[in-house]
Every structure is written in C-alpha cells, then in structure tokens.
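# any chance you can model this:
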Amino acid sequence: MDARIRHSGAVTVAPDTEQTGFALQGPRVALLIAVALITYLLFPTSAAVDSPIFEIGSVATQNVIAPFGFTVPKSMADLHEEREQLARTAKPIFVYSAAALDSSQAQLSTLMRSIAAAVDSAGKKNEVTAAVSAAMAHGLALTPVEGAYLARSDHRRALQDAVHRAYARWLPEGIAPSGALDDVQGELLIRRGTEERNVLADSVLTLGTLLRRARALEPDPNSSVADGLYLKLIAGLLHPTILPDPAATEQRRAVLRSSVDVNRYIVRAGEKIVGEHEVVGRAEFDKMRALHDAMQSTIGGDHGVRRVLGGIAYNALVLAIFGIAVLVFRPAIYRSMRALALFAGVFTLVLVVAASGAQLQPVRPELVPVAIAAIICSMLFDTRISMIAAMILAVLVGGQSVYRGTNALFLNLVGGAAAALSMRTMLRREEGYRFVLTIGAAYLFAALTLGLTLGWTTRQIGVSAGFGLLNAFVSVVLAMFLMPLAERLTGVTTALTLVEWSDLNRPLLRRLSLEAPGTYAHTIAMANLVEAACNAIGANGLLGRVGTYYHDIGKIAKPQYFVENQAGGRNPHDVLKPGTSAIIIRNHIQEGLDLAAEYHLPAAIAAFIPEHHGTGHITYFEEKARSGDGSPVANVADYIYPGPVPQTAETAICMLADGVEASVRVLQDPTPQRVREVVDHIVKQRIDQGQLHQAPLTLHDLDLIKEEFARVYASMHHTRIDYPAASGGVTSEFAAV
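Here you go, the predicted structure:
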C-alpha cells in the first residue's frame, strides 16, 4: 500500500507483524464484539426490532399499530397536579350543632342567677362589687358601671329576655365561629344529622352579623351602658351552632383525589397510534413511548435472551461493515491493532456521549459528537476512512431505540460528512475556526432543511442550529486535545506535529547547525529538493522536508569525519584505515537513531535516518580498501549501510536528493544539461542497486522527480551579471587587493 496520505498530510501507521488466519482475525473480531457489547450496554434495547418513537412535530415514516392493549400513565407531576386541582373543588364541610343553642341559653340563665344571688347576699353597699365578681366567675368582665346596672333586678330580667330572644331567633339559622369562613369562597356544605345542604358562604351568619341584627331587640335603647352590656352578653356567652369539620372535609378531598384516573390514555390491541405520513402530536408521542416501555417490560425468559443477542448482533453487523471497508480500502490500517484500537476508543467515546444525551428531554441528536470521530480519522488517516467512520457512527447511533424516529441519522450524517470533508492538512491553529464554522454551517443547513420539511418555527430551527454549532465547537476543541494521545497510540504523525518539528530552533537542529554546520547547509539544500519533488508526485511534501532536516543528525557525533564539515582541507580519514573510516561513516546511522530516541523524534521522521542510505555501499572507502589487483575486501558488511531500503515515497526521494546534491557539488560547471545528466545517472544507479524496489514509486513518478530536481537546481545555480569593478562590484575575474 502507498504509505502516504495525500489528502490529510498525515503519515499512515506501519502494519503490525505479518499475521494470517486466526492470529490476524481473532483479536479484531474480539474488538468488534467488545464495542458491540458496550453499545448494547449503553443502549440496552434491541435497536432492530424495537417500537419506533417519532419526535413531536415530525412526520411518521411508518404505521405504528399497538400489538397489544396497554395504558399510557400520567406522569407523577401531572397526576399530583390533577388530583390537587380536583381536591380543591371539594366544599368545606360544617356540622350544625343544635346543642349549642341550649348551651348558650343555659349559660345565660346560670350567669343571671349567680349575679342575683351575689347581689342579694352582699347588701346595698357592696352590690356592685358582688355583681362584678359573680360575672367574672363566669368568664365575663364587667366595669363598675355595668356591674351597677346589673345589680338591679329589672335590668337583669330585661337583658336576659333580650339576649334569650336574640339567641332563639338567629342561632337556629346557624352561626359560624369568627374566622371560620375567612378562606371559604363560594359554597359550603352544612350537615344537619343525616341531611346535607349547600349554602353560600356569604349567607352564613357570623358573630358580627348577629350583633348587627340583634340591635333591633335592645331592651334599653336610650342607655349606652345597657347597649354595651347587651352586645357583651351576646358575644361572651355565644356558642356557634355551625362548626367546621376538617376531618370530614379532608376525607371528601381524599375521595376526590382517588377518583382521578392514573392513565392518560387506554390503547386497545390493534389500535392505530399514528399513521404513515401523519404529523406526530403529543398524544401520539406519549403512546409510542408507553408502547416502547411496555414492550421492554414484557420481554423475559428465552425470548429476552434472544432479544439481547439480537441487539448485540445488530450493533456488531453495523460495525463489521466498517471493518470490511477498512480491510478493502486501507489494508495496512486493518493490519494495525493500534489503529483499530483507536477506532474502537473514538467510537466508544461518541457512543457514551450519545447515551448521556439520550437522557435529555427532548432528545437532542444535534449533540451527538460524530464530528469528533470524523476529525480525528481525517487528521490521522484520510478523508475516505473518515467519511466511512462518520456514516457508520450515524447509522449505529440513529438505529438505537432512543434515537429512532428522531432526526439523528440525517443530522449526524450531515455533521459527520462536513467534518470529514473539511479536515484537510492543518498547519495553523487558526484553521480550527474554519473547521468549527464549516461544521456549524452544515448543522445550520440541516436544521433549516428539517424545519422547512416539518414546519418548525424559526425558534426551533435556531435552537437546533445552535446545538449543532455547540457540537462543532466542542468536537473540534476535544479532537485537538485528543490528537497527541491518538498519535502516540497509532504511531501516526500529523501535519501539525510535522510543523512543530520543522522549527529550525528546536534543540536537535540547533545542535546540528552549531556542531556540524556543513551538514546543516547540506540538509537545508536537500530539504528544498525533497519537498518540491514530493509535491510534484502528490506525496507528503511537509514530511519530506522535515524528515530531510533530521536525516543526517547522526553526524553530530563525529562531524569532522564528514567532508562537508572539514575546513582547510584537513581530512582525519587520511590517517585511518579504510575499514575504520567506513565504520565511522556507517555508524552515523545508528548514532542518528540514538539521538532520535533521545529527543523522542516521531517514527515517521526517524525513518529518514536509516532509509536515506538504504543498503548502499560506502564505495569510496570500499574502493580504497581494495588491493591494487581489484580483489574484494575482507569484510564487505563493514562497507554497507544497515538499511532498510526506503519504504515510503518520501524517504526514497530523500535518498535520491542526497545522491544528487552531493554529486552536483563536484561539478565545475553545473549547467542545466549536466545537472540533468547527473540526476538521471543517480536515479538509474539507485534503481540498478535495488534501493527503490520497496518504495511506492512508479516510473512516471521517477520522471516527475527528475524533472523537479533539474528545475530546482537550475534556479539554485543561476548565473549572475558582472557588476562594474569601478563601482566596487565583483566580476568573474575578481581578485582581492
């Protein structure tokens, strides 16, 4: 497989060790079943056979018929409110007490006899005090003036007769206690024995009403003392004849509460709940929800086990489609368990959030973060795999019972596709804003489409689009947060990571520029060649440039042993044996790998270190080691680089650029024609040596690479005009004076 991803700029994972049969498929099938089982645990209903639930305001896509009779219970809040409303209609119950009249009359007679006896026994001088004390003994407080008035027998008889007549006239009608009717409006119920009578609360007599009416029977209208005593006696000795009965009232309210039906609807077997193409209302939604719950509660035994297995099988089948697609389109990714583990982890994350969002009422499919999976897959792999992952997740989530009948499938398809297609090579942080806006715009158009189709209000469309924009923002932010972990898990290097490692001020490159300046200059020149050639054939130019920056970092260990770093013509190899020199040159590969490990260089970049030489020969010292008659050297392995040969287009181009750049430097007159001849020679030589047989390059690619090398060198080695020496310029015959 081509190891470069031309769409996203990411570098693909290297497949795990070669496996076949059960060793290859077993772990992958187990991973698939694990994700299917997790999905079922998050959505513990059978998605394939569950009763559909369509959103309120949506158009039903199928007939929903009740397979059996069931009831739709009212919610506890609604049931409580309805019961209390009915209980408040209960009329307060009052009980008529005939004995209260007799008690009032008897207490009046007893009081008057006590006052008369006290006055008769006290004598003329103490009769007032005796009258006040006798009244006080019966709970009636009198002033001395009132006591003097009652000390006279004629006054007592007149007052007693007047109060008696008032009681006899109005108490049988019913007198309620003070404050008993303050909270009563409308009618109340008065019980007289076994009889009940509804009366208006305003028509029931109270003490105030009685006192106003009793003035007509005052015994001595011209005396203010008699007037006060008269009213004081009526009020002080009164026993109300209509008394509230709270227990009976509450019992009546309890009966009314219990009379409220706990069910909102009763659905018969075979009854149509909603028809195809009909708009779903609140009643239809409640019935579908109740049918769903009833179906779940009636499942048990062997049938329940089959239902669970069916639900897991449904999830596994949908996920298997994704696995097959990866196997067909990206077999190298399929062979990497680390990449498949990433897919499983991202899918599980989306499913967990979807299951949590399913607890909201109403369900908000706009909040299902399919975009997270699409973004991560696009940045790590490519748009095709990302698009497939988004579609599979949309189908998997939309097929769960809680999301069936909602717009989850459509919304998640649109949002996931927008995320997959918008995620290209990300080189700058501000590009995240573009991704958020693109995905948010997709949700907006999806909401607008659904709103026009289903007759949503402008507010409903705006709310749906707002949730979609929130999803886009959170998905992009969370995906960026998770990307470093995803790269570590899969071994994939994204464009953002490459940009970070392209900084020439990173410690390793700073060391190269200071400790091996000639190698550094050679590296920068090569990087231009490699990037241009990679871009020409559609390979990853950024990876080619950054990988080239680090391909010779091993020379930091012994920079003076490499010709580009040797100053003044002094060459330490002149005093070494050819074999020793070859080992030093050969070891810069291992020393480079050691530095790569020390500085945690990404694997895709570190691959340039051994692959840019492949298994080529260190020809200069190999030839030097040969005897005069051309006999072979004693240990050929010391004169061969450890390899491997280039495995990617980028490392292969780096190998070619390394040979071309070194060879062109020895040309005295690097004309375009001579440069092209050198390029052709180096490419042919590497092909003949078998260095390119594992690289994914076609003959057409090689032609494009050679053309690009020649073009770049032509611009690098352009001629300049001679500036007049008289004005201080430098000519071709320049000589310092």
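# can we go C-alpha only for contacts and neighbour counts from here?
Will do.
# state the mean pLDDT of stretch 385-399.
Stretch 385-399 carries an average pLDDT of 93.
# mind listing residues that contact it?
Under the criterion Cα atoms under 8 Å, 6 or more residues apart in numbering, residues 47-48, 315, 318-319, 321-322, 325-326, 347, 351, 354, 370-371, 373-378, 403-404, 406-410, 412-413, 416-417, 420-421 lie in contact with stretch 385-399.
# pull out the buried positions in stretch 113-120.
Buried residues in stretch 113-120, counting neighbours by 16 or more other Cα atoms under 10 Å, are found at 114-116, 118-119.
# lowest average confidence, helix or strand, in this structure?
Each helix and strand of the chain was given a mean pLDDT (mean pLDDT, DSSP states H and E); the minimum falls on helix 619-625 at a mean of 80.
# let's see the helix or strand just after that one as PDB, backbone CA atoms only.
Next helix or strand after helix 619-625 toward the C-terminus (DSSP states H and E): helix 649-665. What follows is helix 649-665, C-alpha atoms only, in PDB (Å, rounded to 0.1, in the frame of the first residue of the first chain):
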ATOM      1  CA  ALA A 649       8.000   7.700  -1.400                       C
ATOM      2  CA  GLU A 650       9.400  10.500   0.900                       C
ATOM      3  CA  THR A 651      12.400   8.500   2.100                       C
ATOM      4  CA  ALA A 652      13.100   7.300  -1.400                       C
ATOM      5  CA  ILE A 653      13.100  10.900  -2.700                       C
ATOM      6  CA  CYS A 654      15.400  11.800   0.200                       C
ATOM      7  CA  MET A 655      17.800   9.100  -0.900                       C
ATOM      8  CA  LEU A 656      17.800  10.400  -4.500                       C
ATOM      9  CA  ALA A 657      18.200  14.000  -3.400                       C
ATOM     10  CA  ASP A 658      21.100  13.100  -1.100                       C
ATOM     11  CA  GLY A 659      23.000  11.500  -4.000                       C
ATOM     12  CA  VAL A 660      22.100  14.300  -6.500                       C
ATOM     13  CA  GLU A 661      23.000  17.100  -4.100                       C
ATOM     14  CA  ALA A 662      26.400  15.500  -3.300                       C
ATOM     15  CA  SER A 663      27.200  14.800  -6.900                       C
ATOM     16  CA  VAL A 664      26.200  18.200  -8.300                       C
ATOM     17  CA  ARG A 665      28.500  19.800  -5.800                       C
END
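# quick one: the helix or strand just after helix 649-665 to helix 649-665, angle?
Helices and strands here follow DSSP H and E; after helix 649-665, the next one along the chain is helix 672-688. Helix 672-688 and helix 649-665 meet at an angle of 130 degrees, taking axes from the mean of the first three to the mean of the last three Cα atoms, to 10 degrees as the criterion.
# quick one: mean pLDDT over helix 672-688.
If you average the pLDDT values across helix 672-688, you get 89.
# show me what that helix is packed against.
The criterion is 3 or more Cα pairs under 8 Å, 6 or more residues apart in numbering; DSSP states H and E, and the helices and strands that helix 672-688 contacts are helix 649-665, helix 699-716.
# which residues touch the closest residue to Glu218 other than its chain neighbours?
Setting aside the residues directly before and after it, Glu218 is nearest to Ala162 in space (Cα to Cα, 6 or more residues apart in numbering), at 6.4 Å. Contacts here follow Cα under 8 Å, 6+ apart; on that basis Ala162 touches 217-219, 230.
# now Ala162: how far from Pro172?
Taking Cα to Cα, to the nearest Å as the measure, Ala162 and Pro172 are separated by 16 Å.
# cool, and Asn263?
Here the criterion is Cα to Cα. By it, Asn263 lies 47 Å from Pro172.
# pLDDT below threshold where in the stretch 251-400 of the chain?
Under the criterion of pLDDT under 70, the regions of the stretch 251-400 of the chain flagged as low confidence span 296-304.
# that one: strands as residue ranges?
Per DSSP state E, counting those that start in this stretch, the stretch 251-400 of the chain has strands spanning 263-267, 272-274. These are given in chain order.
# phi first, then psi, for Val204.
Torsion angles at Val204 (phi, psi; degrees, to the nearest 10) stand at phi -80, psi 130.
# renumber starting at 507 from here on
In the new count, where the first residue is 507, that last one comes out as Val710.
# can you count the residues close to it?
By other Cα atoms under 10 Å, the residues close to Val710 number 15.
# what's the domain layout of the chain?
Residue ranges for the domains of the chain, per automatic domain parsing: 527-562+814-997, 599-759, 1008-1231.
# what's the closest of these to Ala800?
Shortest distance between Ala800 and the domains of the chain, using Cα to Cα, is found for domain 527-562+814-997: 9.9 Å.
# end to end, how far does stretch 780-799 reach?
17 Å.
# how about that stretch: buried residues?
Buried residues in stretch 780-799, counted by 16+ other Cα under 10 Å: 780-781, 785-786, 790-798.
# check stretch 626-641 too.
Judged by neighbour count (16+ other Cα under 10 Å), stretch 626-641 contains these buried residues: 633-641.
# go on, stretch 983-1000?
Under the neighbour-count criterion of 16+ other Cα under 10 Å, stretch 983-1000 has 985-986, 989, 992-993, 996-1000 buried.
# show the low-confidence segments of this structure, by residue range.
Counting by pLDDT under 70, the chain has low-confidence residues at 507-526, 551-556, 802-810, 930-935, 1074-1075, 1133-1140, 1222-1243.
# which strands or helices does the longest helix along it pack on?
Of all the elements of type helix in the chain, the one with the most residues (DSSP state H) is helix 964-996. In this structure, helix 964-996 packs against helix 843-863, helix 876-886, helix 937-960, with contacts taken as 3+ Cα pairs under 8 Å, 6+ apart.
# let me have those in CSV, extended by distance to Ile1059 and mean neighbour count.
CSV is the format used below for these (distance: least, Cα to Cα, whole Å; neighbours: other Cα atoms under 10 Å):
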stretch, distance to Ile1059, mean neighbour count
helix 843-863, 29, 19
helix 876-886, 27, 30
helix 937-960, 32, 19
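# using TSV, lay out those helices together with distance to Glu1156.
Output for the helices and strands packed on helix 964-996, formatted as TSV (distance: least, Cα to Cα, whole Å):
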stretch	distance to Glu1156
helix 843-863	22
helix 876-886	17
helix 937-960	26
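# the residue minimising distance to the centre of the chain and Gln531, how far apart?
Centroid-nearest residue in the chain: Val859, 5.1 Å away (criterion: Cα atoms, centre = their mean). The spacing between Val859 and Gln531, counted by Cα to Cα, is 29 Å.
# one more: Ala686?
To Gln531, Ala686 is 84 Å away according to Cα to Cα.
# rewinding a little: just the C-alpha atoms of the helix or strand encompassing the residue nearest to Glu724, please, in PDB.
Here Ala668, judged by DSSP H and E, is contained in helix 659-676. Output for helix 659-676, consisting of C-alpha atoms alone and laid out as PDB, is shown next (Å, rounded to 0.1, in the frame of the first residue of the first chain):
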ATOM      1  CA  SER A 659     -83.200  43.000  89.100                       C
ATOM      2  CA  ASP A 660     -85.400  44.700  86.500                       C
ATOM      3  CA  HIS A 661     -82.400  45.500  84.300                       C
ATOM      4  CA  ARG A 662     -81.200  41.900  84.600                       C
ATOM      5  CA  ARG A 663     -84.600  40.500  83.600                       C
ATOM      6  CA  ALA A 664     -84.800  42.800  80.600                       C
ATOM      7  CA  LEU A 665     -81.300  42.000  79.400                       C
ATOM      8  CA  GLN A 666     -81.800  38.200  79.900                       C
ATOM      9  CA  ASP A 667     -85.100  38.300  77.900                       C
ATOM     10  CA  ALA A 668     -83.500  40.300  75.100                       C
ATOM     11  CA  VAL A 669     -80.500  38.000  74.800                       C
ATOM     12  CA  HIS A 670     -82.700  34.900  75.000                       C
ATOM     13  CA  ARG A 671     -84.900  36.200  72.200                       C
ATOM     14  CA  ALA A 672     -81.800  37.000  70.000                       C
ATOM     15  CA  TYR A 673     -80.400  33.500  70.500                       C
ATOM     16  CA  ALA A 674     -83.700  31.900  69.900                       C
ATOM     17  CA  ARG A 675     -84.300  33.900  66.800                       C
ATOM     18  CA  TRP A 676     -81.000  33.600  65.000                       C
END
